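# Here's my sequence, what's the structure:
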Amino acid sequence: MHVHRKLIIRLFLAWILLSVLIGSVVFFMEMRKIDAYVVALALEKSRDFERDHGKFLNNPDQLHLERLREETRKHIKDEHFIAVNLYNWDRELIVEASHPTAFLIEKEISKHRRDMVMTDDAHFQRFYGKGGQIFVMVQIPLKTTGRETAGYFEGVYKVDPRTMAEIKNRILLSLLQVVVIIFFTALAIYPIFLFLNRGLIRLTGDLFHANIGMLKVLGGAIAKRDSDTNTHNYRVTIYAIRLAEAVGLQREYIACLIKGSFLHDVGKIAIGDRILLKPGKLTDQETAIMKTHVRHGVDIIDHYEWLKDASDVVRYHHEKFDGSGYEAGLKGHDIPINARIFAVADVFDALTSRRPYKEPFALEAAMRILTEGRGSFFDPMLIDSFLWTVLPMGAKETPKLPSR
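Numbers count the residues shown, from 1 in each chain. Coordinates of the predicted model:
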């Protein structure tokens, strides 16, 4: 399942990445097509002025000039062009008209007008207004029937709302097609990837089960050295998991906690039987040797990459909340959360289990000892959660909790 989840996540990320990349290319290509389309529209509308201007040239009197101005105002009213200037052959302004909308983009119009020079070639510059409204600055020579330049037209073409809606729908549809096509391609590729990688997936599953089996074997070997059954590892792991879930620990941390719980005393392999199995109290020298099992345990798991994230428990499970523990002497929340959780579970199981040097404590006595260590040996928050949440889950009847 882990491999399947990783494959799905990677395909999802690839879908997002390809959608962005290919979508950007499609968007750029669509914008180029739209530019050409909008310029064609502007050029088509500007031809009307060429015909009106031609009539004026045939009869260049005041009457026909007024008619030209009237026709220009009609175009402005229809908002095909929001600003129009007509010039004669000497580049003298003969007609000027503008829509109120033009005043809102006057700066943009002035900027593009400065960038354009009247020549015998047509010039077009596209720019955007508020809300993505498309405008085209048009400047074309006005020709006579003999194709001689007789004047110049300069106007600001505003794309009408219907065309704007068509443009936006066209862009959205193109981008949606890209996203959908890539999505269904990813869906089609998924079973192919599974088929091609079925061997790898099987080996990954085998490796996972082998790692879990190694945890069990190592944990069992440690238990045999300590004259204990392997049930201790399972009990303390279950207590630790329940406590971790009760305090809302993330799944990634819980996975590391499970490894650490099984291997917390792996370093005891390096401790001699004379000390490890001694039924009585250890001397100071023997206690110092026993404490080295922490360092030996860290050395053992550091040789295997998959076990390295168990080091928080192996290295720090004998630390105490007030800083009096070993071997680093960490204090409070400087102790990793997994080690603090495991310390509670380990001590509880040690209290309630039979050992070579003691009989098991009753549940009430074990709970009282844990409560007494609240804030000194153990994290107070974890002790509260353990006593009030974890223990009742494992008891047929919730025992009476000691007062704090």
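
# Return the set of buried residues in stretch 26-44.
Buried residues in stretch 26-44, counted by 16 or more other CB atoms under 10 Å: Val26, Glu30, Ile34, Val38, Val39, Leu41, Ala42. (Glycine included, C-beta is placed from N, CA and C.)

# With stretch 241-252 instead?
Per 16+ other CB under 10 Å, stretch 241-252 contains these buried residues: Ile241, Arg242, Leu243, Ala244, Ala246, Val247, Leu249.

# quick one, helices of the stretch 151-300 of the chain?
In the stretch 151-300 of the chain, the helices defined using DSSP state H, counting those that start in this stretch lie at 161-196, 198-225, 231-246, 251-263, 273-276, 284-291, 293-301.

# Tabulate those in a markdown table, adding columns for mean pLDDT and distance to Val95.
A markdown table is the format used below for those (pLDDT from 0 to 100; distance: least, CB to CB, whole Å):
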| stretch | mean pLDDT | distance to Val95 |
| --- | --- | --- |
| helix 161-196 | 83 | 26 |
| helix 198-225 | 68 | 76 |
| helix 231-246 | 89 | 82 |
| helix 251-263 | 90 | 74 |
| helix 273-276 | 86 | 107 |
| helix 284-291 | 92 | 100 |
| helix 293-301 | 91 | 89 |
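
# Which one of the ones you listed lies nearest to Val344?
Proximity to Val344 (CB to CB) singles out helix 231-246 among these, at 6.3 Å.

# can you list contacts of that closest one?
The contact list for helix 231-246 (CB atoms under 8 Å, 6 or more residues apart in numbering) reads 219-220, 222-223, 253-254, 257-258, 261-262, 264, 338, 341-342, 344-346, 348-349, 353, 382, 385-386, 389-390, 393-394.

# ok so, going back, out of the buried residues of stretch 241-252, the closest to Leu104 would be?
Closest approach between the buried residues of stretch 241-252 and Leu104, by CB to CB: Leu249, at 58.6 Å.

# per-residue pLDDT, the closest one?
pLDDT recorded at Leu249 is 93.

# quick one: it and Ile241, what's the gap?
Distance, Leu249 to Ile241, by CB to CB, to the nearest Å: 9 Å.

# Could you dump the helices of the stretch 151-300 of the chain into TSV and include distance to Lys320?
Shown next, in TSV, are these (distance: least, CB to CB, whole Å):
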stretch	distance to Lys320
helix 161-196	50
helix 198-225	23
helix 231-246	17
helix 251-263	17
helix 273-276	22
helix 284-291	13
helix 293-301	13
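
# Tell me which of those sits nearest to Leu370.
Nearest to Leu370, of these and by CB to CB, is helix 231-246 at 11.4 Å.

# Let me know the average pLDDT across the lengthiest helix in the chain.
Criterion DSSP state H: the longest helix present in the chain is helix 2-58. Average pLDDT, helix 2-58: 79.

# And stretch 345-355, by the same measure?
On average, stretch 345-355 scores 87.

# Can you point out the buried residues in it?
Ala345, Asp346, Val347, Phe348, Asp349, Leu351, Ser353.

# For it, give me every contacting residue.
So stretch 345-355 is contacted by 228, 232, 235-237, 239-240, 243, 261, 264, 317, 360-361, 363, 365-366, 369-370, 373, 377-378, 386 (CB under 8 Å, 6+ apart).

# In CSV, list the C-alpha atoms belonging to stretch 65-79.
C-alpha atoms of stretch 65-79 as CSV (Å, rounded to 0.1, in the frame of the first residue of the first chain):
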residue,chain,number,x,y,z
LEU,A,65,-15.9,67.2,-43.6
GLU,A,66,-19.0,67.4,-41.3
ARG,A,67,-20.3,64.1,-42.8
LEU,A,68,-16.9,62.5,-42.0
ARG,A,69,-17.1,63.8,-38.5
GLU,A,70,-20.7,62.5,-38.1
GLU,A,71,-19.7,59.0,-39.3
THR,A,72,-16.8,59.1,-36.9
ARG,A,73,-19.1,59.9,-34.0
LYS,A,74,-21.3,57.0,-35.0
HIS,A,75,-18.4,54.6,-34.7
ILE,A,76,-17.5,56.1,-31.3
LYS,A,77,-21.1,55.7,-30.1
ASP,A,78,-21.1,52.1,-31.1
GLU,A,79,-17.9,51.7,-29.0
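
# how far out from the middle of the chain is it?
With CA atoms, centre = their mean, to the nearest Å as the basis, stretch 65-79 stands 56 Å off its chain's centre.

# same deal with stretch 39-58?
Counting by CA atoms, centre = their mean, stretch 39-58 comes out at 55 Å from the chain centroid.
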